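Q: based on what follows, work out the 3D shape:
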Amino acid sequence: MVIVVGPAETAESVRELNFLHEFEIGEIHERSVSTIQHQLEQDAEHITHLVYDIRAIGNVDASLALLGRICTTIPGITGKTIVVTEGIAGSSSFMRDVCEMYPKEQIVQSHGAELKRVLNAMLCADGIIRTERSATCSAVAGAGHRIGTTTQAMQICLYVKALGYKAAIIEMAASALTGYTQISDDAVLFDEHHFRVEGTDVYNDRTCILDAKSQYDYLILDYGCFAELTEPADYLRNDILVAVCGAKPSEVELAADVLRVDNGTIHYIFSFVPQRDRPDVLASMEQYGERTYFAGWTPDYFLYSGNDELYGKITGQIKPKSKAVQKKSHKWPWRKK
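A: Residues are numbered from 1 along each chain as shown. Below is the predicted model:
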């Protein structure tokens, strides 16, 4: 069990890391030193790792004393503890003291991405989180709603499938594809979270990722609207990153959230942009020009557009695994047999 001592936002970060439900989480939100110590010692035999946020008590001296006592009363916990020092100056006496108690790599300054990165590495090293990863994961997020995110996720999926690779869509947010099981005459329902429509496997629950990684060559993760991501780090840690944007006046500013976290690897696909407007878009994306592309109108989710140049650049010009297969379009209800 991973015990989190601290504010609710710190516990939320740990829950986000645990979206595959691979470990138990215990939370302590008390501010009393004696109560916190009692609860920790009471659960000592079940604790595998401890996340301690200094803000839990609000008193750095009391926190330091508590951590010192825990190191003594709970055997082995020192090497399994992460201390969150958010808001504490790196030059403070507290930081000097806490660095004497714990290795530097177990001390983080943010309850968000940094905490999740360090805890993830620790849990992987201890075999609590499985690290096997066979599938290449492509993350697709939209700068806004109804901007073509699911369309582009499906196009990438169809592209790698056409090259002979086994691929699937995983819907990380609200499902946009489940309804197609009712209007396609070749839909296959495997269970409540996994179905196949027009030959493409779709999972409508993000918890399916771990199992799916061992079954496919490529997983295309549809994150929905980027602004609604709880933690952008979840998106950024994937192998291929795609942001779907628009050039309408109401859409231009929406891309700012994505640009702020660009780590130099995000590919930008602009949807529905007339040919005459594309030079202006490229000029505005000058810094990201080599990673900026335009997608034509694609009226059918399940029919590949044939834009090999675009999707080839995004996926790194992967070589065909086998002969491409022509993809047919889906059937509307009035065309069902």
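
Q: could you pull out the buried residues of stretch 103-116?
A: Within stretch 103-116, the residues that count as buried by 16 or more other C-beta atoms under 10 Å are 106, 107, 108, 111, 112, 113, 114, 115, 116. For every residue, glycine as well, the C-beta is placed using N, CA and C.

Q: in this structure, what secondary structure element scores lowest on mean pLDDT?
A: Every helix and strand of the chain was ranked by mean pLDDT, DSSP states H and E. The lowest is helix 249-252, at a mean of 72.

Q: list the helices and strands the helix or strand hosting residue 160 packs on?
A: Using DSSP states H and E, residue 160 sits in helix 149-162. On a contact count with 3 or more C-beta pairs under 8 Å, 6 or more residues apart in numbering; DSSP states H and E, helix 149-162 meets strand 136-142, strand 167-171, strand 200-203, strand 218-225, strand 240-246, strand 266-271, strand 292-295, helix 308-315.

Q: nearest to residue 5, of these?
A: Proximity to residue 5, assessed across these by C-beta to C-beta, is greatest for strand 218-225 (30.7 Å).

Q: against which helices or strands is that closest one packed?
A: Counting contacts by 3+ C-beta pairs under 8 Å, 6+ apart, strand 218-225 packs against strand 136-142, helix 149-162, strand 167-171, helix 209-213.

Q: for the second one, the distance to its chain's centre please.
A: What that stands for is helix 149-162. Helix 149-162 sits 18 Å away from the centroid of its parent chain (C-alpha atoms, centre = their mean, to the nearest Å).

Q: and stretch 268-276, by the same measure?
A: With C-alpha atoms, centre = their mean, you get 26 Å for stretch 268-276.

Q: now render the helices and strands packed on strand 218-225 as a markdown table, adding mean neighbour count, mean pLDDT and distance to residue 13.
A: Below are these laid out as a markdown table (neighbours: other C-beta atoms under 10 Å; pLDDT from 0 to 100; distance: least, C-beta to C-beta, whole Å):
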| stretch | mean neighbour count | mean pLDDT | distance to residue 13 |
| --- | --- | --- | --- |
| strand 136-142 | 26 | 93 | 19 |
| helix 149-162 | 25 | 95 | 25 |
| strand 167-171 | 24 | 95 | 22 |
| helix 209-213 | 16 | 83 | 18 |
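
Q: include distance to residue 287 when you put these into JSON lines, please.
A: Below are these laid out as JSON lines (distance: least, C-beta to C-beta, whole Å):
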{"stretch": "strand 136-142", "distance to residue 287": "19"}
{"stretch": "helix 149-162", "distance to residue 287": "22"}
{"stretch": "strand 167-171", "distance to residue 287": "30"}
{"stretch": "helix 209-213", "distance to residue 287": "32"}
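
Q: determine the number of other residues adjacent to the residue nearest to residue 297 when sequence neighbours are not counted.
A: Nearest residue to residue 297 in three dimensions, chain neighbours excluded: residue 272, at 7.0 Å (C-beta to C-beta, 6 or more residues apart in numbering). When neighbours are counted by other C-beta atoms under 10 Å, residue 272 registers 16.

Q: likewise residue 243?
A: The tally of other residues near residue 243 (other C-beta under 10 Å) stands at 30.

Q: one more: residue 244?
A: Per other C-beta under 10 Å, the neighbour tally for residue 244 reads 26.

Q: does it touch residue 152 like I think?
A: Yes. Using C-beta atoms under 8 Å, residue 244 makes contact with residue 152 at a distance of 5.0 Å.

Q: quick check: neighbours shared by the two?
A: Taking C-beta atoms under 8 Å, 6 or more residues apart in numbering as the contact rule, residue 244 and residue 152 both touch 140, 269, 271.

Q: tell me the bridge partners for the last one.
A: Counting by DSSP bridges, residue 271 is bridged to residue 246, residue 295.
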